[in-house]
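Peer 1: this is a predicted model, with the sequence first.
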Amino acid sequence: MENRKCLECYEQLRGRADQKFCSDQCRSAYNNRQYLDTHNVINAVNRILKKNYFILSSLQSEGKYTTSKIDLQRKGYRFDYFTCTSTSRSNRVNYYCYDQGYHENENNKITLVKQPLKDNHQEMIH
């Protein structure tokens, strides 16, 4: 006979062959932990994206359209997190955090850009 154990508490299982948990409490605890682990990652990424968005939008609302890469980094901007990219006709890559974006120029200078949201918001997410 196969030695089956509860996925949560590792107690010996008795009963149905497809049983995974010894009790409803173990099943709930296991599934709640799985849900939290997944959502903690999503929440962490969303916090970074929101902060990036706030940094870009606050600079634009102050009337700034150029800045330096170092200035963005000092404000806490994370360049490795963005929602989409687009390539201009001149082959310049724009990085967007939702509708707020930027592209890099020489000497670590950054030009801020804004892309109007489209009716179909799915087109913005890649």
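Peer 2: Nice, thanks for sending it over.

Peer 1: A strand includes Ile42, no?
Peer 2: No: under DSSP: H, G, I helix; E, B strand; the rest coil, Ile42 sits outside any strand and is assigned helix.

Peer 1: next one, pLDDT for it please.
Peer 2: As predicted, Ile42 sits at a pLDDT of 89.

Peer 1: can you get me a residue count around it?
Peer 2: 9 (other Cβ atoms under 10 Å). Just so you know, the C-beta spots here come from the backbone N, C-alpha and C atoms, and that holds for glycine as well.

Peer 1: okay, buried residues for the host helix or strand of Leu59 please.
Peer 2: Leu59 belongs to helix 24-61 when assigned by DSSP states H and E. By 16 or more other Cβ atoms under 10 Å, the buried positions in helix 24-61 come out as 26-27, 30, 48-49, 51-53, 55-57, 59-60.

Peer 1: Val113 and Arg33, how far apart?
Peer 2: 42 Å (Cβ to Cβ, to the nearest Å).

Peer 1: do the same with Pro116
Peer 2: Pro116 is 41 Å from Arg33, by Cβ to Cβ.

Peer 1: go on, Ile110?
Peer 2: Taken as Cβ to Cβ, the span from Ile110 to Arg33 is 41 Å.

Peer 1: cool, Arg47 as well?
Peer 2: Taken as Cβ to Cβ, the span from Arg47 to Arg33 is 21 Å.

Peer 1: one more: Thr111?
Peer 2: 45 Å.

Peer 1: ditto for Ile55
Peer 2: 33 Å.

Peer 1: same check on Arg27?
Peer 2: Arg27 is 11 Å from Arg33, by Cβ to Cβ.
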